[in-house]
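*Asks:* need coordinates for the following:
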Amino acid sequence: MLKVASGLFAIVEGDLWWPGRFDSPGTARRAAALREDVLARLQARKNAEARDARGVITVEDIDLAS
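*Replies:* Okay, the predicted model is just below:
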């Protein structure tokens, strides 16, 4: 796991970045249990909701996707 400059978190394995920007390390850990395609769709939805910014996935979003 890697903390990104904006204070958000991402899942990283070696050079592979998983889809998603997360509000906490706990959210990122829970997201790691989801399939990559599920995370990609969730991030796309959050981006659409945020409009001109990248969306942030919360623990509530993970609960709904699980």
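
*Asks:* pLDDT weak spots in the chain?
*Replies:* Low-confidence segments of the chain, defined by pLDDT under 70: 1, 5.

*Asks:* which residue is nearest the middle of it?
*Replies:* Most central in the chain under Cα atoms, centre = their mean is residue 20, positioned 2.7 Å from the mean C-alpha point.

*Asks:* helix/strand/coil for that one?
*Replies:* Assigned with DSSP: H, G, I helix; E, B strand; the rest coil, residue 20 falls in the coil class.

*Asks:* next, it: phi, psi?
*Replies:* Per-residue torsions, residue 20: phi 120, psi 140 (degrees, to the nearest 10).

*Asks:* I'd say it and residue 42 touch.
*Replies:* Yes - here residue 20 lies in contact with residue 42, judged by Cβ atoms under 8 Å, at a distance of 6.8 Å. In this view, the C-beta of every residue, glycine as well, is placed from N, C-alpha and C.

*Asks:* mind listing the shared neighbours of those two?
*Replies:* By Cβ atoms under 8 Å, 6 or more residues apart in numbering, residue 20 and residue 42 have these common neighbours: residue 57.

*Asks:* so what's residue 19 up against?
*Replies:* Per Cβ under 8 Å, 6+ apart, neighbours of residue 19: 36, 39, 40, 42, 43.

*Asks:* any idea how far residue 25 lies from residue 45?
*Replies:* Relative to residue 45, residue 25 is positioned 22 Å away (Cβ to Cβ, to the nearest Å).

*Asks:* and what of residue 15?
*Replies:* From residue 15 across to residue 45, the span is 26 Å (Cβ to Cβ).
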